[in-house]
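Chemist: can't give you the sequence, but here's the structure:
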């Protein structure tokens, strides 16, 4: 007579068979992956032979290439696994203009290095020396001539510590620059037409903020924490007199009753 199975023993038998199938499949997968890894890590086809550099806008590519110093004929996968972070740190450290660097495989035997340069947001002018391009993260990264840029200039008093390109600003300067950036962000969000033509933001040692437009109109705005309310006062004054930016030389909004000094006529200025 043939064997007969109860319902429970039949299910158990099917389960054991299924488990063995899964074990065999897993074993085959492990063997396949091992073979693939061995092929990728030992095949001379995947040895580093060159590096491609992209993303460069203002830097000299040859300068970056001289810093790369790749161990040619090393396996491309092994190198990335062991040295990717160190490699990217070395590239970023070679020039303060570089904000970040990433590297990937460019099959079969090249690396692709992508450079991300800092983008100018303002110009930092420190009274005791130094004019720098500065990015949106308040990092000064490249010296420039004061009149060699169309970006708004942030003027701060003397710094107690030197400005190091590519590094965080000294604490006293960073506080003053932060006040200027808060004003720029407010101006961007408010869209107050006449105030969009910013030439200079002057911040003193007490974080009092003065705004100068390209037509040389000076607007005193006072402490950083009062900027939103004072910009509302400016907006109200401009709405009441749209010609104010052209006829005024000086506006003081640091008090509840703004002070306005109109431009003098040439004859008055000469005492005639």
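Modeler: Great, that's in hand. No experiment lies behind these values; they were computed from the predicted model shown. Numbering: from 1, shown residues only.
Chemist: my read: residue 174 touches residue 138, true?
Modeler: Yes. Here residue 174 reaches residue 138: they are 6.2 Å apart, a contact under CB atoms under 8 Å. Where you see a C-beta, it was placed from the backbone N, CA and C, and this is true even at glycine.
Chemist: is it true that residue 156 touches residue 130?
Modeler: No. Here residue 156 does not reach residue 130: they are 10.2 Å apart, not a contact under CB under 8 Å.
Chemist: shared neighbours of those two, which are they?
Modeler: residue 124 (CB atoms under 8 Å, 6 or more residues apart in numbering).
Chemist: the two - which one has more neighbours?
Modeler: Just comparing residue 156 and residue 130: by other CB atoms under 10 Å the higher neighbour count belongs to residue 156, 25 against 14.
Chemist: what average pLDDT does stretch 111-119 get?
Modeler: Computed over stretch 111-119, the mean pLDDT rounds to 95.
Chemist: gap between residue 169 and residue 158?
Modeler: The gap separating residue 169 from residue 158 is 13 Å, by CB to CB, to the nearest Å.
Chemist: ok, the closest residue in space to residue 138 that isn't next to it in sequence - how many residues close by?
Modeler: Once flanking residues are discounted, residue 138 sits nearest to residue 177: 5.3 Å by CB to CB, 6 or more residues apart in numbering. Residue 177 has 21 neighbours, counted by other CB under 10 Å.
Chemist: let me see the domain layout of the protein.
Modeler: By the assignment in automatic domain parsing, the chain contains the domains 45-117, 122-269.
Chemist: which parts of this structure are helices?
Modeler: For the chain, the helices defined by DSSP state H occupy 7-42, 61-68, 76-93, 171-190, 227-240, 244-247, 266-269.
Chemist: output those helices in a markdown table; the columns should cover mean pLDDT and distance to residue 54.
Modeler: Converted to a markdown table, the helices of the chain look like this (pLDDT from 0 to 100; distance: least, CB to CB, whole Å):
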| stretch | mean pLDDT | distance to residue 54 |
| --- | --- | --- |
| helix 7-42 | 69 | 25 |
| helix 61-68 | 88 | 9 |
| helix 76-93 | 90 | 13 |
| helix 171-190 | 93 | 30 |
| helix 227-240 | 91 | 41 |
| helix 244-247 | 88 | 44 |
| helix 266-269 | 42 | 56 |
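Chemist: out of those helices, which one sits most buried?
Modeler: helix 171-190 (a mean of 18; mean count of other CB atoms under 10 Å).
Chemist: now that helix and helix 227-240, what's the angle there?
Modeler: Interaxial angle, helix 171-190 versus helix 227-240 (axes from the mean of the first three to the mean of the last three CA atoms, to 10 degrees): 40 degrees.
Chemist: which of residue 169 and residue 158 has more neighbours?
Modeler: Counted by other CB under 10 Å, residue 169 and residue 158 do not tie: residue 169 has more neighbours, with 23 against 11.
Chemist: quick one on the thing from earlier: of the helices of the chain, which approaches residue 219 most closely?
Modeler: Judged by CB to CB, the one of the helices of the chain that comes nearest to residue 219 is helix 227-240, at 6.6 Å.
Chemist: distance between the closest one and the chain's centre?
Modeler: Taking CA atoms, centre = their mean, to the nearest Å, the mean C-alpha location of helix 227-240 is offset from the chain mean by 31 Å.
Chemist: nearest residue to residue 157 in space, please, no chain neighbours.
Modeler: Nearest one to residue 157, counting by CB to CB, 6+ apart, is residue 205 at 4.9 Å.
Chemist: count residues in the vicinity of that neighbour, would you?
Modeler: Residue 205 has 11 nearby residues by other CB under 10 Å.
Chemist: give me the distance between it and residue 252.
Modeler: Counting by CB to CB - residue 205 and residue 252 are separated by 19 Å.
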